[in-house]
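Peer 1: Any chance you can model this:
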Amino acid sequence: MRKLLASASIGAMAVLLSAGAYAQEGTVAKAVGGYTFEDAAKEKPGTKDFHSADGHLTFAIVTHTAGNGFFDPVYVGATVAGNMIGAKILLLGSESPTDDPQREIEILNQIVQDPTIDGLIMTTPQAGAYNDIVKAAEKSGIPIATTNSFDGSITNRNGISHTGQDASAAAIGGEALAKCVLASGADKGSILLPSSTAMGNVEVNNRVTAAFNAIVKTLKDAGKLENFKVDAGPENVGVDANPQDPVNSIVSLFESRGDVVGAFTANNVFTPALAKAVAQTGKTGKICAYGFDLGPAQQDAIRSGDLTGSLGQQPFLQGFWPVMQLYLQIDRGISAANLDTRAQLVTKDGVELVGKRFEN
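Peer 2: Residues are numbered from 1 along each chain as shown. Just a heads-up that it's a prediction; the model follows:
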């Protein structure tokens, strides 16, 4: 019996040793080029003295509205990335709770002249307004990354990385709205997409169009399109509403149509306003109301039922990745590595999970 136990013990030990040996197979000790990965992973000498030559990297991130909470997780993401690479991050932006690209541009014009800045991250909601800033930064040797809103015409676009949500992601919200209307039992009515081109945000216009197309397709696939009037304005970029008085604008649209069964808004100006309009007109739980972003106002409206759902841009990534991209550009020569943050659809079922670690 003892011999059997001894044999079993020896066999088990052999299996363990064999498993350990197999676990080590395939290990790569060094690069094909002969260098070690430990040496190659070290920061380049002089990286911390890039541009400002003060012994540390300083990046500035400037947004077009720091006053409504949307960009809070963007700033958190940038801070996390800065801590990882040992960089100082300046968190800047317009104090306005609504889009204010002019104030952002004022800040950018100041910061681009700051000799302590080693990299610049900026949102670009007003197409064509940032070319002089890009040229000034390039002249000073400051690399740029853009985030959130996208300007396809910006100077040296192909040489500048962009982190943000492609406007096509709005189709996720449009499809959800159409399915909500169909599931509600409504057999006719208007579906509105209020917005404003006066803000000059091309990205928002494209979101409206993407949502509109998704609504139309979903209703058409269900054989119900002819029952509903889907209205996104004459050019499918939004039924015109006043961004200075968005709540009353949407209330007026509801009252003038009289048969609204669904509504979709595409930014942080009109989405909280949509929720308030739904509440004021007594339509809570009676229409399908979807919007954009997941700030405190949107989360509260989802909880109350004034919003059926809203699309998040995963903005933590919109702060985190541009910082890392600038660092990689300075330390590794990697440039223009874009990141699409896609969309996160949040309804009442998942709203309590939002923002637990400041991600959304």
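Peer 1: so what are the domain limits for the chain?
Peer 2: Per the record's domain assignment (automatic domain parsing), the chain is made up of the domains 47-165+315-342, 168-312.
Peer 1: Could you dump those into a markdown table and include mean neighbour count and mean pLDDT?
Peer 2: Backbone N, C-alpha and C define where each C-beta goes, glycine included. Written out in a markdown table, the entries for the domains of the chain read as follows (neighbours: other C-beta atoms under 10 Å; pLDDT from 0 to 100):
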| stretch | mean neighbour count | mean pLDDT |
| --- | --- | --- |
| domain 47-165+315-342 | 20 | 95 |
| domain 168-312 | 21 | 96 |
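Peer 1: Now those domains in CSV, please, with extra columns for distance to V354.
Peer 2: CSV is the format used below for the domains of the chain (distance: least, C-beta to C-beta, whole Å):
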stretch, distance to V354
domain 47-165+315-342, 10
domain 168-312, 5
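Peer 1: Out of the ones you listed, which is closest to G350?
Peer 2: With C-beta to C-beta as the criterion, G350 lies closest to domain 168-312 of the domains of the chain, at 8.9 Å.
Peer 1: In contact with N248, which residues?
Peer 2: The neighbourhood of N248, defined by C-beta atoms under 8 Å, 6 or more residues apart in numbering, consists of N242.
Peer 1: got the CA coordinates for the helix or strand where it lies in CSV?
Peer 2: In this structure, N248 is located in helix 246-257 according to DSSP states H and E. Presented in CSV, the C-alpha positions along helix 246-257 are these (Å, rounded to 0.1, in the frame of the first residue of the first chain):
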residue,chain,number,x,y,z
PRO,A,246,-35.0,74.8,-25.7
VAL,A,247,-37.7,73.7,-23.3
ASN,A,248,-40.4,76.0,-24.6
SER,A,249,-39.4,75.2,-28.1
ILE,A,250,-40.0,71.5,-27.6
VAL,A,251,-43.2,72.1,-25.7
SER,A,252,-44.4,74.2,-28.7
LEU,A,253,-43.5,71.5,-31.1
PHE,A,254,-45.4,68.9,-29.0
GLU,A,255,-48.5,71.1,-28.8
SER,A,256,-48.5,72.1,-32.5
ARG,A,257,-48.3,68.5,-33.6
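Peer 1: Quick one: work out the angle between the next helix or strand after it and helix 246-257.
Peer 2: Read in the C-terminal direction, the helix or strand following helix 246-257 is strand 260-264, with elements assigned using DSSP H and E. Note on geometry: by axes from the mean of the first three to the mean of the last three C-alpha atoms, to 10 degrees, strand 260-264 and helix 246-257 are set 150 degrees apart in direction.
Peer 1: what sits up against the helix or strand just after strand 260-264?
Peer 2: Sequence order places helix 270-280 as the next helix or strand after strand 260-264, per DSSP H and E. Judged by C-beta under 8 Å, 6+ apart, the contacts made with helix 270-280 from elsewhere in the structure are 194-196, 241, 243, 246-247, 249-251, 254, 263, 265, 284, 287, 289, 291-293, 295, 297-298, 301, 304, 306-307, 310.
Peer 1: again, only this time at 6 Å
Peer 2: Identification of contacts with helix 270-280 by C-beta atoms under 6 Å, 6 or more residues apart in numbering yields 194, 246-247, 250-251, 263, 265, 284, 289, 291-292, 297-298, 301, 306-307.
Peer 1: now swap in stretch 103-117 and tell me
Peer 2: Residues external to stretch 103-117 that are found in contact with it (C-beta under 6 Å, 6+ apart): S52, T58, A60, V62, H64, L92, S94, M122, I133, A136, A137, I142.
Peer 1: how about 8 Å then?
Peer 2: Contacts of stretch 103-117 with the rest of the structure, by C-beta under 8 Å, 6+ apart, involve 51-52, 54, 58-60, 62-64, 90, 92-96, 120, 122-123, 126, 129-130, 133, 136-137, 140, 142.
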